[in-house]
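K.L.:
A structural model of the following input is requested.
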Amino acid sequence: MKRILIIANAIALPPSSKGKSYEVDEMRTYIKHKKKLIWIVYALEAKTKKVTSFAIGSRTNKLLNTVLKTLKIPKQNYSTE
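P.N.:
Next up, the predicted model:
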């Protein structure tokens, strides 16, 4: 886990651009034991499918927001009407 985090922190993320569409998803895996779950949250550019942002850690809103902040996605109000 420590090695994965060191490598992940050394990778420079490409800049996100306005007007592009992104897909955000998550992937679950484990380290050594299935009880030690780890999540990888990532954002792909919709057209090219290139990874534009990612974060690794436990499944929390903080981890998701790490990826969303790099995309500079403004908060939107959704209505159920």
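K.L.:
for this protein, which residues score under the pLDDT cut-off?
P.N.:
Within the chain, the ranges that satisfy pLDDT under 70 run 13-18, 73-81.
K.L.:
let's see 90
P.N.:
1-23, 30-36, 43-58, 60-61, 63-81 (pLDDT under 90).
K.L.:
tell me where the longest helix sits in it.
P.N.:
helix 61-71 (DSSP state H).
K.L.:
and that one, what's buried?
P.N.:
63, 66-68, 70-71 (16 or more other CB atoms under 10 Å). Any C-beta I mention is one placed from the backbone N, CA and C, and that applies to glycine too.
K.L.:
and those residues, which is closest to residue 2?
P.N.:
Closest approach to residue 2 among the buried residues of helix 61-71 (CB to CB): residue 63, at 17.6 Å.
K.L.:
so who does the closest one touch?
P.N.:
By CB atoms under 8 Å, 6 or more residues apart in numbering, residue 63 lies in contact with 39, 41, 55-57.
K.L.:
for residue 42, same thing?
P.N.:
By CB under 8 Å, 6+ apart, the contact list for residue 42 reads 24-27, 51, 53-55, 67.
K.L.:
in CSV, list the residues you listed along with distance to residue 6 and secondary structure.
P.N.:
CSV is the format used below for the contacts of residue 42 (distance: CB to CB, whole Å; DSSP: H, G, I helix; E, B strand; the rest coil):
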residue, distance to residue 6, secondary structure
24, 24, strand
25, 24, strand
26, 22, strand
27, 20, strand
51, 18, strand
53, 18, strand
54, 15, strand
55, 15, strand
67, 19, helix
